[in-house]
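J.: Okay, sequence plus prediction incoming.
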Amino acid sequence: MEHGSQMRKILRRVDEQGPPAREAARRLHDEEGITVLDEKPSTLLVEGDPDAIEAAVETMGGWSVYSFAKIKKPDARPRVARAPRK
């Protein structure tokens with residue numbers, strides 16, 4: 001699999017009937033091309049082929065897939081305004 005097809009996704013447990021995070025992480029770990037990067041009680045951060053992630057989550061039930069986006073913090077340093085042109 002080429003690196004360009006790798007995407008990060010956030011998985012959230014949306015139904016109490018779904019497997020707990022530890023069990024979900026174990027199932028995903030067994031899937032080809034999916035890596036679990038972080039695990040919280042009801043949230044997983046995974047990386048891999050988006051289609052493989054979607055398919056794996058469908059078979060688990062009780063979990064939903066959300067896109068992962070990095071948001072750059074704005075530069076909050078004060079700036080000196082330019083002098084007006086004459």
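T.: Thanks, I have it.

J.: now residue 61: how far from residue 23?
T.: Distance of residue 61 to residue 23, given as C-beta to C-beta, to the nearest Å: 12 Å. The C-beta positions use only the backbone N, C-alpha and C, and glycine is treated the same way.

J.: which residues sit in contact with residue 48?
T.: 6-7, 9, 31, 33-35 (C-beta atoms under 8 Å, 6 or more residues apart in numbering).

J.: Using neighbour counts, trim these to the buried set.
T.: With burial judged by 16 or more other C-beta atoms under 10 Å, the buried subset of these is 9, 31, 34.

J.: Residues in contact with the biggest helix by length in the chain: which ones?
T.: Once the chain is assigned using DSSP state H, the helix that runs over the most residues is helix 50-60. Under the criterion C-beta under 8 Å, 6+ apart, residues 5, 7, 9, 11, 18-19, 24, 27-28, 31-34, 46, 63-65 lie in contact with helix 50-60.

J.: so for that helix, what's the average pLDDT?
T.: What helix 50-60 shows for mean pLDDT is 92.

J.: Residue 49 contacts residue 9, correct?
T.: No: with contact defined as C-beta atoms under 8 Å, residue 49 does not count as touching residue 9 (10.2 Å).

J.: count of neighbours near residue 78?
T.: Residue 78 has 6 neighbouring residues, counting by other C-beta atoms under 10 Å.

J.: ignore the last one, residue 70
T.: Neighbours of residue 70 using other C-beta under 10 Å come to 5.

J.: Brilliant, that's me finished.
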